[in-house]
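In: The sequence and its predicted three-dimensional model are supplied below.
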Amino acid sequence: MFEGKTILLGVSGGIAAYKAAQLASDLAKTAADVHVVMTQNATQFVTPLTFETLVNNKVAVDTFDRNFEYNVEHVSLAKKADVILVAPATANVIAKMAAGIADDMLTTTILAASCPKIVAPAMNTGMYDNPITQRNLETLKAFGVEVIEPDSGYLACGDTGRGRLPDNGRLFEAVRRALAPKDFQGKRVLVTAGPTREAIDPVRYITNHSTGKMGYQVAAAAARRGAKVTLVSGPVSLQAPLGVELVPVVSAQEMFQAVTSRAGEQDLIIKCAAVADYRPETVADNKIKKSEGSMSIPLTRTQDILGWLGANRKPGQILCGFSMETRDLVENSAAKLEKKRVDMIVANNLKDAGAGFGTDTNLVTIITKAGMERLPLMGKDQVADALLDRLLTLQS
Ligand code: C5P
């Protein structure tokens, strides 16, 4: 996604400019070519040298800088850029953008560029809440500029309120979304993630080690690629990905309800969740008191959600399940393809290094009726894109 792309980071003169250095560093670690343009005021907070060192490109500040290789740098950068992110965007730069003023390198470049533009306002809360700034932001939105809402909290000026630059993860994700191919545009995708919890009594439950990381990456990737995504998630400690509708559930029964009631509207369903196979037959109303002897809890099977989906799918709908095994990975997983009547099983072995619960990487084998494909060890975000690529070919 970043390969061969040019990202232009515009930095304007607010104290949050120091945070943009970390963002520049994160962006520079991708395959993209990252350029930074600063306003004169921004250079009072952070020196151009900081950004130059991080992104390995000369930082542009003054439109009339004679050290540039080409004297129409703003036009050249504007043409090259695949996305422009202004972070932090001050009230002043936002006002200039809204009015079409181009009186320095950053604003001339922005005005000349036709690529997607994102602004991340960060300023004193009074300036942000001022109806003039709000009107300017509305103007930018009307022109198709994406505005990332600032966070609320303590501001460097001593005030508390809206105006903090969001964390780098959100800014990075906004850039990634802008660069992603929109090959899932118009598709409705339902993803399940995380574990389920099966109550024993008001205090205890049965669960597993799933953290939801894989499912959340699949949901994020599908949304980035233009899908309308519903994420049905068991209890996890992850933030819902940008632009995804989150449906939180706790038990397998709740997940069954949430998924099956929405299944009819979906073009694709990807079941990453580690659903409990058994739940206690009854849930005690009060805490079960301990005694000296051993105890046992009668368990009953939960409903197989994916199995139900396979038996009740609407025409043209694509179903993908996950399979986690500790032995005979391929045999066990291929059997699920048949048994659950699905189009794809993504199999991973818990015992493989770099695969399984809680890791940021995964080592998967993709199994379809056409055969199987073992992917190399990759980040869960890359696995998500790889399996979406394969699912897209199954649908057409
Ligand atoms: O049969 P097994 O649990 O190994 O299959 C795993 C796949 O089935 C996963 O995609 C999981 O989300 C799904 N599953 C389900 N409902 C269950 C158990 C598993 O949808 N009760």
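Out: Looks like it arrived, so ask away. Only a predicted model underlies this, so the values are computations on that prediction, with no experimental measurement involved.

In: in the stretch 151-300 of the chain, which spans are helices?
Out: Secondary structure of the stretch 151-300 of the chain (DSSP state H, counting those that start in this stretch): helices located at 168-179, 213-224, 252-260.

In: which residue sits closest to the residue in the stretch 101-250 of the chain positioned nearest to the ligand, ignoring its sequence neighbours?
Out: Nearest residue of the stretch 101-250 of the chain to the ligand, counting by C-beta to the nearest ligand atom: Thr192, 5.9 Å away. C-beta: built from backbone N, CA, C; applies to glycine. Leaving aside its sequence neighbours, Thr192 sits nearest to Ala273 (C-beta to C-beta, 6 or more residues apart in numbering; 3.8 Å).

In: One more: Ile297?
Out: Pro280 (5.2 Å).

In: Which residue or residues pair with the one you found through a beta bridge?
Out: Leu299 (DSSP bridges).

In: Now do it against the ligand, distance only.
Out: Distance, Pro280 to the ligand, using C-beta to the nearest ligand atom, to the nearest Å: 15 Å.

In: tell me the contacts of that residue?
Out: 198-200, 206, 297-300 (C-beta atoms under 8 Å, 6 or more residues apart in numbering).

In: Next: Glu198.
Out: By C-beta under 8 Å, 6+ apart, the residues touching Glu198 are 205-207, 251-252, 276, 278-280, 302.

In: Kindly give the local confidence score, pLDDT, for the nearest residue to Asn41 once chain neighbours are set aside.
Out: Spatial nearest neighbour of Asn41, chain neighbours left out: Gly13 (2.6 Å); criterion: C-beta to C-beta, 6+ apart. pLDDT, Gly13: 95.

In: Tell me who's in contact with the residue in the stretch 1-150 of the chain positioned nearest to the ligand.
Out: Taking C-beta to the nearest ligand atom as the measure, the stretch 1-150 of the chain has Met1 as its residue closest to the ligand, at 25.9 Å. Met1 makes contact with 176, 179-181, 385, according to C-beta under 8 Å, 6+ apart.

In: got those as JSON lines, with neighbour count, pLDDT and distance to Phe256 columns?
Out: Shown next, in JSON lines, are these (neighbours: other C-beta atoms under 10 Å; pLDDT from 0 to 100; distance: C-beta to C-beta, whole Å):
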{"residue": "Arg176", "neighbour count": "21", "pLDDT": "94", "distance to Phe256": "33"}
{"residue": "Leu179", "neighbour count": "20", "pLDDT": "96", "distance to Phe256": "37"}
{"residue": "Ala180", "neighbour count": "16", "pLDDT": "95", "distance to Phe256": "32"}
{"residue": "Pro181", "neighbour count": "12", "pLDDT": "93", "distance to Phe256": "33"}
{"residue": "Asp385", "neighbour count": "20", "pLDDT": "95", "distance to Phe256": "28"}
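
In: Tell me what the residue of the stretch 101-250 of the chain closest to the ligand is bridged to.
Out: Here Thr192, judged by DSSP bridges, has bridge partners Val232, Lys271.

In: Count the residues that sit near it.
Out: 30 (other C-beta atoms under 10 Å).

In: That one reaches Lys271, doesn't it?
Out: Yes: assessed by C-beta atoms under 8 Å, Thr192 is found in contact with Lys271 at 5.0 Å.

In: Which neighbours do these two have in common?
Out: Joint contacts of Thr192 and Lys271 (C-beta under 8 Å, 6+ apart) are 259, 305.

In: What is the neighbour count of Gly243?
Out: That count, for Gly243 with other C-beta under 10 Å as the rule, works out to 16.

In: swap that for Asp167, please
Out: Asp167: 13 surrounding residues under other C-beta under 10 Å.

In: Grab the nearest non-local neighbour of it.
Out: Take Asp167 and drop its neighbours on the chain: the residue closest to it by C-beta to C-beta, 6+ apart is Asp151, 7.7 Å away.

In: mind listing what's buried in the host helix or strand of Lys96?
Out: Using DSSP states H and E, Lys96 sits within helix 91-99. Across helix 91-99, burial judged by 16 or more other C-beta atoms under 10 Å covers 91-98.

In: list the contacts for Asp201?
Out: Applying C-beta under 8 Å, 6+ apart, the residues contacting Asp201 are 283-288.

In: which of the residues you listed lies closest to the ligand?
Out: Nearest to the ligand among the contacts of Asp201, with distances taken as C-beta to the nearest ligand atom, is Val283, at 17.7 Å.

In: In this structure the closest one contacts Arg197, no?
Out: No: between Val283 and Arg197 there is no contact under C-beta under 8 Å: 11.3 Å.

In: These two: who's more crowded?
Out: Each of Val283 and Arg197 has its neighbours counted (other C-beta under 10 Å); Arg197 has more, 20 against 14.

In: which one is that one nearest to, not counting chain neighbours?
Out: Arg197 sits nearest to Tyr205 (C-beta to C-beta, 6+ apart), 4.3 Å away.
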